[in-house]
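Asks: A structural model of the following input is requested.
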Amino acid sequence: MAAGGFAKLPNGNVVVALTLPRPGGDGHAAAVRVLVYAVNRQRALTRVRNLGFRAVRLSGNAEPPTPDEISAVLHHPDGLVWRPRHADDTELWHPLRALRRLGTAS
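Replies: Now for the predicted structure:
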């Protein structure tokens, strides 16, 4: 299960934000914030599961995406980005595929 939330956009699509453990990392310090842009919440979770995060679920809306996070994912061509959970505003967002490669390299 992942902490997170979602925001419904005016066009009906959603942005889902999830806090997930970093592949190969341990503890809360290794958590990452993942943003997904999709037509609905279920499709967003399916996109993340298809990249290897099989146990991802979203229950509730405790940590919805911020306006800055929504803007970041909308302007990314993949609509799937991540960065460390406690990163400052200077940390760039990365494609989710890059996170999976990092996890398999360790």
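
Asks: Mind telling me what element the residue nearest to the spatial centre of the chain is part of?
Replies: Among the residues of the chain, the one closest to the centroid is residue 34, at 1.5 Å (Cα atoms, centre = their mean). Element membership for residue 34, per DSSP states H and E: strand 31-38.

Asks: Give the pairing partners of that strand; include direction for each.
Replies: strand 14-21 (antiparallel), strand 80-84 (antiparallel) (DSSP bridges).

Asks: Return the distance of that strand from the chain's centre.
Replies: Strand 31-38 sits 1 Å away from the centroid of its parent chain (Cα atoms, centre = their mean, to the nearest Å).

Asks: which parts of that strand are buried?
Replies: 31-38 (16 or more other Cβ atoms under 10 Å). For glycine as for every other residue, the C-beta is placed from the backbone atoms N, C-alpha and C.

Asks: any residues touching it, and which ones?
Replies: 13-22, 25, 44-45, 47-48, 65, 69-70, 72-74, 76, 79-87, 93, 96, 99 (Cβ atoms under 8 Å, 6 or more residues apart in numbering).

Asks: Stretch 4-19 now?
Replies: Taking Cβ under 8 Å, 6+ apart as the rule, stretch 4-19 contacts 2-3, 31-41, 44-45, 48, 56, 58, 60-65, 69-70, 73-74, 85.
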